[in-house]
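Peer 1: sequence-free structure coming up:
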DNA sequence: GTCACAATCTTGACGGTGTCAAGATTTTCG
DNA sequence: CGAAAATCTTGACACCGTCAAGATTGTGAC
């Protein structure tokens, strides 16, 4: 933890403030100047901690991934003896995260972040999350409920399946006729079950 | 087709110019003023045709969906006797569209468009595209190569599967270890095959 | 302890943005 | 032809990201 200077841990205050503004005013409402004001600091103070806006967004995205990872972990760990439940509960947790943190989720995946190579901690937590998916997929394969194929490839399929439906849902692209019968969690569950070996 | 006034069909010129700028400078480079200048017109001339920037973006997205629909149609129609090929060729066409028109694709799905209710022509082509997916899914079901389930629900799964992998790929979120072995088209094909009944 | 240095923050400026108001110009149509 | 509507220009406003210059404050060497 950084020591106190004029403000004291401004960097984290900016990230946290960014998350709040994101939740309150949406992606378009997020500006460096607003985040600075929210932290009670001048409009260009953030430049002491972030070289540009993208960098702040990367930090917020990283924070989002850390929380997503934690929630996936929590959803999956109780069912270490039940691979199918792990897969489905993990998928449902993914949906819930996206629904509860819509704008953070959008920032994490909406192309605002471009050259991720420059944000090592983002890459780290992001690939850590992917590894978690691979592990769950592998236990499912060992249990014979997912096809035998390279685990990383199958993990991309599973993650893509969940992510795609969630992304379409956030865009309002899920057909009205479907939403009448099932909510997003149920749709994702159905889709994942299609990938399972009966 | 609108008649000529001062400029002559400014509205379409703005949309077309927007597509060009989008392809050349990316999402961040797209501004109303730049589009106006590109069309040789003053900075607030666009307001005679679009109430705000979102509306221009909606028009560009609509244009994108029209092209996407056409390419899906073209990819699917030659194989009316081969449902499996229809599904896979359609998915591959989706990938190709996203790869060739990255920024238009991002704008179409990256949350820039919010309240779509206000853009009827966008909703129209978008749901028309979805219906095309439903039709292909139905012929696959009739051929016994996709599970018997509500066609619209299964269509959401299929579309979500393809879209999710494409979206993750555009974010650079597909694991390096997977990309070494397969390109996006192949990954999507693999994923779709997992949904098929063998 | 003090003094130079580095980190942190402020002030002020720059060009660019979306949007609106007022007015000029042009087309349409009764 | 003349009124009304559509189209476009000019100018202004607040906001934005970013940079330069300088003020303030903490750190560490001596």
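Peer 2: Here it is on my side, so go on. Just so it is clear, the structure is predicted and the values come from calculations on it, not from any experiment. Numbering: from 1, shown residues only, chains lettered A, B, ... in the order given.
Peer 1: now stretch A:24-40: buried residues?
Peer 2: Buried residues in stretch A:24-40, counting neighbours by 16 or more other C-beta atoms under 10 Å in any protein chain shown, are found at A:27, A:30, A:32, A:35-36, A:38-39. For the C-beta atoms, the positions are set from N, CA and C on the backbone; glycine is no exception.
Peer 1: now do stretch A:69-76
Peer 2: Quick answer for stretch A:69-76 (16+ other C-beta under 10 Å): A:69, A:71-72, A:75-76.
Peer 1: closest to DNA strand D among the buried residues of stretch A:24-40?
Peer 2: residue A:32 (3.5 Å; C-beta to the nearest atom of the strand).
Peer 1: check contacts around the closest one.
Peer 2: A:43, A:46, A:53, A:56 (C-beta atoms under 8 Å, 6 or more residues apart in numbering or on different chains).
Peer 1: is the last one in contact with residue A:45, as I believe?
Peer 2: Looking back up the chat, that one is residue A:56. No: Residue A:56 lies out of contact with residue A:45 (C-beta atoms under 8 Å); the separation is 11.9 Å.
Peer 1: between these two, tell me which one has more neighbours.
Peer 2: Comparing residue A:56 with residue A:45 by other C-beta atoms under 10 Å in any protein chain shown, the one with more neighbours is residue A:56, at 21 against 18.
Peer 1: give the contact list for that one.
Peer 2: So residue A:56 contacts A:14-15, A:18, A:32, A:35, A:46, A:50 (C-beta under 8 Å, 6+ apart).
Peer 1: so which strand or helix has it?
Peer 2: helix A:53-76 (DSSP states H and E).
Peer 1: that helix near DNA strand C anywhere?
Peer 2: No: using C-beta under 7 Å from any atom of the strand, helix A:53-76 stays clear of DNA strand C, coming no nearer than 11.8 Å.
Peer 1: let me see the mean pLDDT of that helix.
Peer 2: Helix A:53-76 carries an average pLDDT of 97.
Peer 1: can you list the helices and strands that the helix or strand just after it packs against?
Peer 2: Of the helices and strands lying after helix A:53-76 in sequence (DSSP H and E), the nearest is helix A:83-100. Helices and strands touching helix A:83-100, by 3 or more C-beta pairs under 8 Å, 6 or more residues apart in numbering or on different chains; DSSP states H and E, are helix A:53-76, helix A:120-142, helix A:151-170, helix A:184-195.
Peer 1: tell me the mean pLDDT over helix A:83-100?
Peer 2: According to the model, helix A:83-100 has a mean pLDDT of 98.
Peer 1: what's the answer for stretch A:13-22, then?
Peer 2: 97.
Peer 1: ok, stretch A:29-37 next?
Peer 2: 97.
Peer 1: likewise for stretch A:177-193?
Peer 2: 97.
Peer 1: residue of chain A closest to chain B, please.
Peer 2: In chain A, the residue found nearest to chain B is residue A:164; the distance is 2.3 Å by C-beta to the nearest C-beta.
Peer 1: contact partners for the closest residue to that residue other than its chain neighbours?
Peer 2: Leaving aside its sequence neighbours, residue A:164 sits nearest to residue B:164 (C-beta to C-beta, 6 or more residues apart in numbering or on different chains; 2.3 Å). Residue B:164 makes contact with A:159-167, according to C-beta under 8 Å, 6+ apart.
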